[in-house]
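Colleague: Quick check, what structure comes out for this input:
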Amino acid sequence: MPILERGRLVGIAFVNWADHHPFTEDDLAFVRTVANRVQSAVAGLQAEAEQRVLNEEISHRLKNTFAMVISIAMQTLRSVSERAPVDAFVRRIHALSSAHDVLLRQSWTAAPAKEVMRAVLANAGHDDRIDLAGPELDLGPRATLSLSLLLHELATNAAKYGALSVPDGRVAVGWRFEGEDEGREVSLDWTERGGPPPTPPANTGRKGFGSRLINLGLVGTGGVDLRYPPSGFQATMRAPLVQLQHS
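Modeller: Numbers count the residues shown, from 1 in each chain. Below is the predicted model:
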């Protein structure tokens, strides 16, 4: 039985009988169906293998691009006496790189939220002191990158001023679904404990990049509630589920 793909012969299916066996039209139709399904399965496996190779190549090139950006930045800003902004820029590039790695493993379609968080927080060096809990949630590419930068800034602030600045401090990150149907939202909570009492930022009217990024929320649409109780800094961020999954 010839197996054709777009008019081109790509395989032949052989069916053997021990005795003389006249093939009926139903027999031929059955053999043809099996042959075509086998070919479809093989083609699918070949496509997956090719996609893996492509993803590895893209990942390699992206890593080289990120490394080049960091190198250019370091060379351009080497005369800057204040190194903190330069170091912060480099760490943010690394956070984006971690998010891209997760997306590439998912063929750039959707990334599991928990996997994204683990990758970013591990890259920041705080994953062993941050507890993650929440339902399965796939993020679109834009939401993945946005969440990665947001968590990086929160972890950086916690390491400087909050719970991660002391040996016994910890952070809990939890997310949940709220609402129904088209109005369904995702609420994400960042809760610090065991650190020094937080101090609300002075209302000077000027905010750094990190503060502006946090106030933009999960997908840049706001919906952020920041609290400073004595037990530790807390933040709740909300965004429509459809925006997180399809942006």
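Colleague: doesn't Leu4 make contact with Ala13?
Modeller: No - look at Ala13 against Leu4 with Cβ atoms under 8 Å: they stay out of range, at 11.4 Å. All C-beta atoms are positioned from the backbone trio N, CA, C, and that covers glycine.
Colleague: how does this protein divide into domains?
Modeller: Residue ranges of the domains in the chain are recorded as 1-59, 97-247, according to automatic domain parsing.
Colleague: Which helix or strand in this protein has the lowest average pLDDT?
Modeller: With mean pLDDT, DSSP states H and E as the measure, the helix or strand of the chain carrying the lowest mean pLDDT is helix 84-105 (a mean of 70).
Colleague: could you point out which element follows that one?
Modeller: Following the chain from helix 84-105 toward its C-terminal end, the next helix or strand by DSSP states H and E is strand 111-112.
Colleague: And that next one, how far out from the chain middle?
Modeller: Using Cα atoms, centre = their mean, to the nearest Å, the distance from the centre of strand 111-112 to the centre of the chain it belongs to is 5 Å.
Colleague: which other helices and strands contact that strand?
Modeller: Applying 3 or more Cβ pairs under 8 Å, 6 or more residues apart in numbering; DSSP states H and E, we find strand 111-112 packed against helix 84-105, strand 138-139.
Colleague: Among the ones you listed, which comes closest to Leu54?
Modeller: helix 84-105 (9.4 Å; Cβ to Cβ).
Colleague: can you tell me which residues contact Ala133?
Modeller: When the contact criterion is Cβ atoms under 8 Å, 6 or more residues apart in numbering, the partners of Ala133 are 172-174.
Colleague: Mind checking the pLDDT average for the top helix by length along the chain?
Modeller: Of all the segments assigned as helix in the chain under DSSP state H, the longest by residue count is helix 25-76. When pLDDT is averaged along helix 25-76, the result is 79.
Colleague: Could you measure from the closest residue to Val90 other than its chain neighbours over to Arg83?
Modeller: The spatial neighbour of Val90 that comes closest, neighbours along the chain excluded (Cβ to Cβ, 6 or more residues apart in numbering), is Ile70 at 5.5 Å. In this structure, Ile70 and Arg83 are 14 Å apart, going by Cβ to Cβ, to the nearest Å.
Colleague: So for those two, which sits in the more crowded spot?
Modeller: Per other Cβ atoms under 10 Å, whichever of Ile70 and Arg83 has more neighbours is Ile70, with 16 against 10.
Colleague: Test my guess that the more buried one contacts Ile93.
Modeller: Yes - contact criterion Cβ under 8 Å: Ile70 and Ile93 qualify, at 5.6 Å.
Colleague: ok, back up a step: buried members of the contacts of Ala133 into PyMOL, please.
Modeller: To isolate the buried subset of the contacts of Ala133 in PyMOL, counting by 16 or more other Cβ atoms under 10 Å, use the following:
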select buried, resi 172+173
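Colleague: Go through the contacts of Ala133 and flag which are in strands.
Modeller: Judged by DSSP state E, the subset of those located in strands is 172-174.
Colleague: Return the member of the residues you listed nearest to Arg61.
Modeller: Val173 (31.2 Å).
Colleague: and that closest one, how far is that from Leu151?
Modeller: In this structure, Val173 and Leu151 are 8 Å apart, going by Cβ to Cβ.
Colleague: for Arg92, same thing?
Modeller: Counting by Cβ to Cβ - Arg92 and Leu151 are separated by 11 Å.
Colleague: With neighbour numbers in mind, choose between the two.
Modeller: Neighbour totals were compared for Arg92 and Leu151, and Leu151 leads with 24 against 18 (other Cβ under 10 Å).
Colleague: if I pick Gly232, what's in contact with it?
Modeller: 162-163, 169, 191-195, 197-198.
Colleague: Among those residues, which lie within strands?
Modeller: Using DSSP E, the subset of the contacts of Gly232 located in strands is 191-193.
Colleague: All set now, cheers.
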